[in-house]
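Engineer: Structure for the following, please:
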Amino acid sequence: MSGRAMPCSPQEIASLFLFEKLSPEQLGRLCAEGRVERFDTGPVYAEGEPATCFYVMIEGTVVLSRRVGGDDVEVSRTSQRGVYAGAMQAYLGDRVPQTYTNSMRVTEPTRFFVLPAQSFADFMQEWFPMAAHLLEGLFFGAKNTQRAIGQRERLLALGSLSAGLTHELNNPAAAAVRATAALRERVGKMRHKLAVIAHGPYSREALADLIEIQERTAERVAKAPVLSPLEASDREDELADWLDDHGIAEGWRIAPTFVQAGLDTDWLEQVAAAVAEDILPGAVGWLNYTVETELLMDEIDDSTTRISHLVDAAKQYSQLDRAPHRVVDVHELLDSTLLMLSGKIGPRVRVVKDYDRSLPDVPAYPAELNQVWTNLIDNAVFAIGSTGGEGTLTVRTAREGDRLLVEFRDTGPGIPADIRSRIFDPFFTTKPVGEGTGLGLDISWRIVVNKHHGSLQVESAPGDTRFQVLLPLTAPEPGTEPATETETGTETATDTGPGIVPNIGPNTGNETETAEEPA
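Structural biologist: Reported below is the predicted structural model:
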């Protein structure tokens with residue numbers, strides 16, 4: 001939008017704080033290359049357009065807004081003379097995208113001093129060469145720092161997840177190895193016992209009965225009921241007494257195995273009725289090996305199944321071989337993340353899942369949502385640990401209007417009110433040096449807001465801190481696709497100066513202001 005040109009007065013320009021130290025010659029050059037324009041109520045420029053001009057407000061009221069998802073979010077409104085916006089990074093040239101990264105409009109007739117972007121760049125380099133170099137170093141230094149620390153943040157998260165996954169895989173793998181070794185020993189003893197039986201005075205009918213009992217025993221092991229400790233102890237005593245009464249040595253050693261397999265005295269009576277009395281001890285010993293091998297195979301099956309589930313969870317978490325954007329069940333993502341982080345969560349943090357399973361699937365970038373869950377869970381566990389290590393983490397899902405809510409609630413000490421507005425700022429962290437980079441919540445905010453058109457907010461009180469992620473239930477309208485990583489990450493230059501927006505953080509839609517604003 002073009003304004004109405006008006007005379008440019010060097011004296012009026014000198015009254016603005018930005019130019020008050022300039023010489024008369026410099027003020028004259030500004031008026032010669034720039035211009036004063038009057039804008040009626042309405043837009044001045046739009047976000048994404050080429051940044052062709054640098055604007056300094058002489059009088060009026062200006063409003064800046066950012067496009068977040070499908071909405072325009074107001075980030076600043078002021079009537080202060082001298083505030084500035086527009087082509088703030090023109091002096092950096094083509095090393096950064098020279099586009100407006102916000103939209104500006106005026107709410108009443110407003111006058112601006114308007115300087116072409118190239119003239120602004122030339123004046124900066126000619127009049128303030130040292131300042132230009134310092135600002136350039138600050139700008140690119142902050143970008144490089146944020147990029148390097150962002151990579152470090154991801155590596156630390158990957159290392160933590162790898163350690164947790166290795167720990168979780170080690171337990172079932174070790175159990176399978178132990179069970180396999182024990183199984184090999186039992187099978188060896190079974191072969192020895194079979195040789196003894198084969199050379200014994202047993203008829204073909206007795207051996208056939210013994211094999212038939214063995215088959216029924218194996219079937220019974222597969223259907224063993226779950227007993228309470230008291231019930232199991234009582235049954236062990238009964239079986240041990242029965243075995244002693246029938247002359248079977250060391251019945252107290254055999255009884256626990258039979259109880260675990262779901263066998264009782266009624267079953268032993270059936271065995272005693274099916275075989276001759278003289279071969280009963282050998283039959284019971286043979287069946288004991290059968291039970292032990294079945295139990296060991298069940299243990300191996302459970303262990304390998306557990307390993308398979310962990311591998312599936314790792315694939316689900318990393319979203320290997322899956323489309324980057326698709327319709328997903330957030331509960332699957334949450335479960336895989338909790339499983340991947342179970343080693344870090346530890347036994348002292350109680351995890352409560354309060355899921356609304358009736359919620360529909362949502363369109364999302366699942367791998368990136370898993371990164372959000374990881375950051376929020378990690379922060380919750382750290383907060384709980386800071387109060388002694390014991391507490392509760394509640395993960396809740398619910399529907400709020402046309403959005404899906406995922407809430408992470410912890411019983412930690414809470415976030416002090418004086419820093420609550422800063423927690424989403426890049427590099428801000430309350431963790432000790434070396435334990436946090438201050439990018440976890442910044443990255444999470446950008447993923448939720450910029451890529452998913454959702455919102456991330458926090459409510460906190462001592463013993464009750466809740467991070468709430470709200471995601472749209474439907475895909476965005478055409479033309480409002482989420483920004484790319486370059487657009488939402490540290491590659492984006494911020495063109496709003498402190499005269500208009502002295503401190504814009506992610507909650508206002510300008511997530512890179514703290515790290516990249518050189519002015």
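
Engineer: Give me the neighbour count for the residue nearest to residue 260 when sequence neighbours are not counted.
Structural biologist: Closest residue in space to residue 260, ignoring its immediate chain neighbours: residue 295 at 6.2 Å, by C-beta to C-beta, 6 or more residues apart in numbering. All C-beta atoms are positioned from the backbone trio N, CA, C, and that covers glycine. By the criterion of other C-beta atoms under 10 Å, residue 295 has 19 neighbours.

Engineer: tell me the pLDDT at residue 295?
Structural biologist: Note on residue 295: pLDDT of 82.

Engineer: Quick one: low-confidence residue ranges for the stretch 351-500 of the chain.
Structural biologist: For the stretch 351-500 of the chain, the stretches with pLDDT under 70 are 425-440, 475-500.

Engineer: correction: the stretch 1-150 of the chain
Structural biologist: 1, 68-71, 131-133, 137-150.

Engineer: which residues of it fall in helices?
Structural biologist: All helices of the stretch 1-150 of the chain, identified by DSSP state H, counting those that start in this stretch, fall at 10-14, 24-33, 117-127, 129-198.

Engineer: The stretch 301-450 of the chain now?
Structural biologist: Assigned by DSSP H, counting those that start in this stretch, the helices in the stretch 301-450 of the chain fall at 330-340, 342-345, 366-385, 440-446.

Engineer: TSV please, covering those helices and showing mean neighbour count.
Structural biologist: As requested, those are exported to TSV (neighbours: other C-beta atoms under 10 Å):
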stretch	mean neighbour count
helix 330-340	20
helix 342-345	18
helix 366-385	22
helix 440-446	25
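
Engineer: got TSV for the ones you listed, with distance to residue 180 too?
Structural biologist: As requested, the helices of the stretch 301-450 of the chain are arranged in TSV below (distance: least, C-beta to C-beta, whole Å):
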stretch	distance to residue 180
helix 330-340	25
helix 342-345	24
helix 366-385	34
helix 440-446	42
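
Engineer: Residue 126 is nearest to which of these?
Structural biologist: Comparing those by their distance to residue 126 (C-beta to C-beta), the top pick is helix 440-446, with 36.3 Å.

Engineer: Relative to the whole chain's centre, how far out is the closest one?
Structural biologist: 10 Å (C-alpha atoms, centre = their mean, to the nearest Å).

Engineer: Give the other helices and strands that it contacts.
Structural biologist: Helices and strands touching helix 440-446, by 3 or more C-beta pairs under 8 Å, 6 or more residues apart in numbering; DSSP states H and E, are helix 129-198, helix 366-385, strand 455-461.

Engineer: list the contacts for the residue lying closest to residue 127 once chain neighbours are set aside?
Structural biologist: Leaving aside its sequence neighbours, residue 127 sits nearest to residue 26 (C-beta to C-beta, 6+ apart; 6.5 Å). By C-beta atoms under 8 Å, 6 or more residues apart in numbering, residue 26 lies in contact with 19, 123, 127.

Engineer: go with 10 Å
Structural biologist: Contact analysis of residue 26 by C-beta atoms under 10 Å, 6 or more residues apart in numbering lists 10, 13, 14, 19, 123, 126, 127.

Engineer: measure the closest residue to residue 224 other than its chain neighbours to residue 361 for me?
Structural biologist: In space, and not counting its chain neighbours, residue 224 is closest to residue 262: 3.1 Å by C-beta to C-beta, 6+ apart. Noted for residue 262: a distance of 41 Å to residue 361, by C-beta to C-beta, to the nearest Å.

Engineer: Looking at those two, which one has more neighbours?
Structural biologist: Neighbour count, other C-beta under 10 Å: between residue 262 and residue 361, residue 262 has more, with 18 against 14.

Engineer: So that one is in contact with residue 216, correct?
Structural biologist: No. Residue 262 is not in contact with residue 216 according to C-beta atoms under 10 Å; the separation is 11.9 Å.

Engineer: Cool, thanks, signing off.
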